[in-house]
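Asks: 3D model of this:
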Amino acid sequence: MTRIMQSSETSLADTMLEMGQRARAASTRLSHLGGEDRSRGLLAMADALETSTEDILKANARDMAAGKEKGLSDAMLDRLLLTPERTRATADAVRKIAGLPDPVGETIANWTVPSGLDISRVRTPLGVIGIIYESRPNVTADASALCLRSGNAAILRAGSESLNSALAIATALRSGLKGAGLPADAIQLVATREREAVGHMLTGLGGNLDVVVPRGGKGLVARVQEEARIPVIGHLEGLCHAYVDGDADAEKAINIVYNAKLRRTGICGALETLLINETVASQLLPAIAAPLRDGGCELRGDAAAREILPDMTPAKEEDWRTEYLAPILSVRIVKGLDEALGHISRYGTGHTECIITENTSTAERFLREVDAGIVLHNASTQFADGGEFGMGAEIGIATGRIHARGPVGAEQLTTFKYVVRGNGQTRP
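Replies: Residues are numbered from 1 along each chain as shown. Modelled structure (predicted):
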């Protein structure tokens, strides 16, 4: 396993630069391999994860103990926790990625111009991708697998809370690659808690790092976007909304809102704000609120919502701007679609937004006008996940507008080049 081993002779900067150089060499080799070779490596990685389950769970137990001692929230501990089932699911996700079409070399478009030149736009790997993430150790496997599927090498920097788990997972992945005859340095994990390591990655490691992907809280993403000297595929916080329209089906609304909020409160696709049309609020809000409260969810409502449910906590301005990642839901009554769209435009983070309605024209307007990476009609916001989109997994949900948006899977980790075939043409 690649580890950061500092001594009087070797500085952290030198060690990080060496990681970048090894990653560049590995990415070059990967780009010359075929899709079947990369699939073979991915399957070997999945097998190695299952073989190493005991070691991974022991490492995770150390992280969990330290997290509890540190006072991490229940949501954060849930993100951190690995179980035999979750480890098996992680290995299965890698196998699914192995079964996906290999994007490298795919012809995106082809045309012939009047000069007779045949021009193709063809997918190519980005090169070396840096992934900086926080408490979810399974990201180590998901990100590594997606990078390998798309012909890229990965330099991973896990959060301090999950470092033991991430090291155990990365060790297994590298073992699988080596056994399959692929370069183990295609996956490297920065095995230090020093914050300076992130700074070195953001400089580009001497030109060896092509893009960085931050996956974590608002503070992490803000730092990366402010300090990076290389391109960033950004993943801001997931302040997700659901709008219950006047033409909503009551049963769908109750089930969707409950699932969107409470299935897992600590993920970026969890619902944080509920907007309800005033024409159905008096009927639907109590029906939606009852199972939420039974599930331990605190409701914070505006004045109109508290007229219906007086015991709700009064919502403050900051509630409309908060990604709780906890069993808390802010509730606002709106006059209609225009007001709902205005609220989402003002407070949304461009992640995932949902409308619940049986009115097709209303739904289509919502889907067309909401500016977000993912927009949903009559479905839980917790479907904001690359695995659920058929991508096997994802590195994150990109909330920017350039290069990638929404779930970032293998295809989104490629760029392209133009391949031009001629027959002796010269330009007049």
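Asks: can you pull the contacts of M64?
Replies: Contacts for M64 (C-beta atoms under 8 Å, 6 or more residues apart in numbering) come out as L77, L80, L81. The way it works is simple: take the backbone N, C-alpha and C, and place the C-beta from them, glycine included.
Asks: Which one (most neighbours) among those?
Replies: Ranked by neighbour count (other C-beta atoms under 10 Å), the contacts of M64 have L80 at the top, with 23 neighbours.
Asks: my guess is L77 contacts A66, does it?
Replies: No - using C-beta atoms under 8 Å, L77 makes no contact with A66, being 10.8 Å away.
Asks: sorry, back to before: just give me the closest of the contacts of M64 to T124.
Replies: Nearest to T124 among these: L80, at 35.6 Å, using C-beta to C-beta.
Asks: mind checking how far that closest one is from E278?
Replies: Distance from L80 to E278, counting by C-beta to C-beta, to the nearest Å: 41 Å.
Asks: And for G179?
Replies: For G179, the distance to E278 - C-beta to C-beta - is 62 Å.
Asks: was I right about Y347 contacting L275?
Replies: No - using C-beta under 8 Å, Y347 is not in contact with L275; the gap is 10.3 Å.
Asks: Between these two, which has more neighbouring residues?
Replies: Between Y347 and L275, counted using other C-beta under 10 Å, L275 has the larger neighbour count: 25 against 18.
Asks: Surely that one touches A242?
Replies: Yes - the criterion here is C-beta under 8 Å, and L275 meets it with A242 at 7.0 Å.
Asks: just to revisit the earlier point, where do the contact lists of Y347 and L275 overlap?
Replies: With C-beta under 8 Å, 6+ apart, Y347 and L275 have common neighbours H241.
Asks: who's in contact with A13?
Replies: So A13 contacts H200 (C-beta under 8 Å, 6+ apart).
Asks: And it, which helix or strand is it part of?
Replies: In the assignment (DSSP states H and E), A13 maps to helix 12-32.
Asks: Okay, buried residues for that helix please.
Replies: 12, 15-27, 29-30 (16 or more other C-beta atoms under 10 Å).
Asks: ok, A91 to A98 distance?
Replies: From A91 to A98 the distance is 11 Å (C-beta to C-beta).
Asks: Need the overlap of contacts for the two.
Replies: By the contact definition C-beta under 8 Å, 6+ apart, A91 and A98 are jointly contacted by A46.
Asks: where in the stretch 1-150 of the chain is pLDDT low?
Replies: The stretch 1-150 of the chain contains residues with pLDDT under 70 at 1-10.
Asks: Is it correct that S175 is in contact with D47?
Replies: No - between S175 and D47 there is no contact under C-beta under 8 Å: 9.7 Å.
Asks: what are the ranges of the helices in this structure?
Replies: For the chain, the helices defined by DSSP state H cover 12-32, 35-51, 53-70, 74-80, 84-98, 138-149, 163-179, 196-202, 218-227, 250-262, 278-294, 303-308, 337-347, 360-369.
Asks: Buried ones in the third one, by neighbour count?
Replies: Applying a neighbour-count criterion of 16+ other C-beta under 10 Å, the buried positions in helix 53-70 are T53, I56, L57, A59, N60, D63, M64, A66, G67.
Asks: Just name the closest of those residues to I288, please.
Replies: Nearest to I288, judged by C-beta to C-beta, of the buried residues of helix 53-70 is G67 at 32.8 Å.
Asks: can I assume the closest one is in contact with L77?
Replies: Yes - using C-beta under 8 Å, G67 is in contact with L77, at 5.6 Å.
Asks: Domain ranges for the protein, per the record?
Replies: 12-235+408-420, 240-383 (automatic domain parsing).
Asks: And these: which comes nearest R401?
Replies: Judged by C-beta to C-beta, the one of those that comes nearest to R401 is domain 240-383, at 8.3 Å.
Asks: Can you list the buried residues in stretch 304-323?
Replies: A304, A305, R306, I308, L309, M312, A315, D319, W320, T322, E323.
Asks: What's the mean pLDDT across it?
Replies: Throughout stretch 304-323, pLDDT has a mean value of 97.
Asks: which residues does the residue lying closest to A98 once chain neighbours are set aside contact?
Replies: Nearest residue to A98, sequence neighbours excluded (C-beta to C-beta, 6 or more residues apart in numbering): L42, at 3.6 Å. For L42, the contacting residues are V94, R95, I97, A98, A145, L148, R149, by C-beta under 8 Å, 6+ apart.
Asks: Quick one: end-to-end length of stretch 412-428, please.
Replies: 38 Å (C-alpha to C-alpha, to the nearest Å).
Asks: what residues does that stretch touch?
Replies: If you take C-beta under 8 Å, 6+ apart as the criterion, stretch 412-428 is touched by 103-104, 108, 115-126, 129, 146-147, 150-152, 233, 395, 398, 403-404.
Asks: Alright, calling it a day.
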